[in-house]
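Asker: sequence and predicted model, in that order:
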Amino acid sequence: MGEISFGPRGQYQSIPVVSGESYHIQNLNVSYDITDNFSLAGGYFGTFIGYEVISPVGNFNYSTSYLFTNGPFQNAGVKATFTFSPAASLMVGVFNDDWNVYTATSRINTVGAQLMLSPVKGWTAYLNVLSGPASGTLLDLTTAYQITDAFKLGLNAANKTGNGLPNYKGVAIYPNVTVAKGVALGLRGEYFKFSAAGSEATTAVTFTANIKSGPLTFIPEVRLDNNSAGPFTDSNGAATKSASQFLLAAVYAF
């Protein structure tokens, strides 16, 4: 499997960001099914951590959460997955200690695991862990429940500790409802806080609509962020505690 992104959004997925580089490898890996229940894979993977994914095709919201932005985008390494039943599976692997890096000089000394459970029809939960001496330890819970054919509720909670990258904790909730054929409305409510002394929590609410026409999806979105420390800037460049934005995205999948 190979996947490449182009443009500034792809460029800023790489660490460190390389000025003038307009592309980024999102996935480059190979997998093999040893048996019907056991598979091996190696290479560069979109991360298994978190509710949101790196491709906008896989997300309901177009903008991304603070949990997504501060967690890993990709992990390079090798992993094995054993499927116990349709309701349970376990993945374990070893990965680059540095997140989002596909160079061969990085250390392969981070341990990762994902336990998938589906206790009832329509409800899936993922318990994730990623731990290494340079990047620290990240514990993550991702779950989604299709309560009815029209209503889905998702949740993501994470806690990052250890050395290296900034530590943080946060939780995001994702309710969305289908209101007509090809039209769905959703909300993302998020609480996020860096663990450093003096850091203030950020709250963000994102209202999103998905309007589908065949393979094309229009995504109008309104986002409101607030942090009492004033990390945002207004139109004059002055610090402010709140920020708002409206965007209209079009995503075509083929």
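Answerer: It's in.

Asker: do me a favour and average the pLDDT over stretch 5-13.
Answerer: Taken as a whole, stretch 5-13 carries a mean pLDDT of 68.

Asker: nearest residue to Thr47 in space, please, no chain neighbours.
Answerer: Take Thr47 and drop its neighbours on the chain: the residue closest to it by CB to CB, 6 or more residues apart in numbering is Pro72, 4.4 Å away. Where C-beta positions appear, they are placed from N, C-alpha and C, glycine not excepted.

Asker: likewise for Gly42?
Answerer: Val78 (4.2 Å).

Asker: name the helix or strand for the one you found, please.
Answerer: strand 74-85 (DSSP states H and E).

Asker: give me the buried positions along stretch 146-165.
Answerer: 152, 154-158, 160, 165 (16 or more other CB atoms under 10 Å).

Asker: ok, back up a step: given the strand holding Val78, what are its sheet partners and their directions?
Answerer: Each strand paired with strand 74-85, and its direction, by DSSP bridges: strand 38-46 (antiparallel), strand 88-96 (antiparallel).

Asker: thinking again about what came up before, looking at the buried residues of stretch 146-165, which one is closest to Ile108?
Answerer: Leu165 (17.6 Å; CB to CB).

Asker: pretty sure the closest one contacts Ser135?
Answerer: Yes - assessed by CB atoms under 8 Å, Leu165 is found in contact with Ser135 at 5.5 Å.

Asker: ok, which stretches of the stretch 51-200 of the chain are helices?
Answerer: 66-70 (DSSP state H, counting those that start in this stretch).

Asker: quick one: contacts for the residue nearest the centre of the chain?
Answerer: With distances taken as CA atoms, centre = their mean, the chain has Glu52 as the residue nearest its mean C-alpha position (3.4 Å). Listed by CB atoms under 8 Å, 6 or more residues apart in numbering, the contact partners of Glu52 are 58-59, 61, 64-65, 67-68, 156.

Asker: would you state the strands of the stretch 1-150 of the chain in chain order?
Answerer: Here the stretch 1-150 of the chain has its strands, by DSSP state E, counting those that start in this stretch, at 2-6, 23-33, 38-46, 74-85, 88-96, 108-120, 123-132, 136-146.

Asker: make CSV out of these and add distance to Asp234.
Answerer: Listed next are the strands of the stretch 1-150 of the chain as CSV, based on distance: least, CB to CB, whole Å:
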stretch, distance to Asp234
strand 2-6, 31
strand 23-33, 31
strand 38-46, 35
strand 74-85, 34
strand 88-96, 39
strand 108-120, 40
strand 123-132, 37
strand 136-146, 33
